[in-house]
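1. Model the structure of this input:
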Amino acid sequence: MPIPSFTVATTPATFEAYEYYKFGNALEEIKFNANTTQKPLKADELRVKIFSAAVNPVDYKLVTYGPHILPHAPTTENPFHVGFDGRQGGRDRQRRQGLQGGRREICYGRLRKLRHLRRVRQH
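-> Sure thing, here's the model as predicted:
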């Protein structure tokens, strides 16, 4: 069965995100950005539409303790986004085998990129 393809043309140019540009007090540094720019996908990446996301204790602890455990810091050009897991539906795909549009999936992100998805069930 062929995997349906999705086009970038259906993706909005921006999305909403909580993000931070520097380490420090989480209550002061985490900001809501209603116009976060979508970055182009690489050949081995998948863009998903998140319907709901969870903020875990690790999210705000990384803002405070990140300098001690992370290899690089957030910047205004490359802020860190809050949230490591969520519920999503397939959106844009470029060369990703085994994932299909219309499936519900739980996604778990790594610190650098949201790449690893676990299929839960089909609609």
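
2. Please make it C-alpha for all contacts and neighbour counts, starting now.
-> Noted.

3. which residues in this protein form helices?
-> 26-29, 57-69 (DSSP state H).

4. quick one: which of those helices has the weakest pLDDT on average?
-> The weakest mean pLDDT among those belongs to helix 57-69, with a mean of 87.

5. Highest mean neighbour count out of the helices of the chain?
-> Among the helices of the chain, helix 57-69 has the highest mean neighbour count (mean count of other CA atoms under 10 Å), at a mean of 15.

6. Remind me what it packs against, helices and strands.
-> helix 26-29 (3 or more CA pairs under 8 Å, 6 or more residues apart in numbering; DSSP states H and E).

7. Could you list the residues in contact with the helix it packs on?
-> Identification of contacts with helix 26-29 by CA atoms under 8 Å, 6 or more residues apart in numbering yields 20, 21, 22, 23, 60, 61, 63, 64.

8. if you set the cut-off to 7 Å instead, what comes out?
-> 20, 22, 60, 63, 64 (CA atoms under 7 Å, 6 or more residues apart in numbering).

9. okay if I get those residues as CSV plus distance to residue 49?
-> Rendered in CSV, the data for the contacts of helix 26-29 read as follows (distance: CA to CA, whole Å):
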residue, distance to residue 49
20, 21
22, 26
60, 23
63, 25
64, 28
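
10. And those residues, which is closest to residue 33?
-> Of all these, residue 33 sits closest to residue 20, with 9.6 Å by CA to CA.

11. How about the closest one, nearest residue that isn't a chain neighbour?
-> Spatial nearest neighbour of residue 20, excluding adjacent residues (CA to CA, 6 or more residues apart in numbering): residue 30 at 4.8 Å.

12. Relative to residue 76, which of the helices of the chain is closest?
-> Each of the helices of the chain has some distance to residue 76 by CA to CA; the shortest is helix 26-29, at 11.9 Å.

13. so the residue nearest to residue 20 makes contact with residue 21?
-> No: counting by CA atoms under 7 Å, residue 30 stays clear of residue 21, with 8.0 Å between them.

14. neighbour count winner among the two?
-> Neighbour totals were compared for residue 30 and residue 21, and residue 30 leads with 22 against 18 (other CA atoms under 10 Å).

15. Nothing else from me, thank you.
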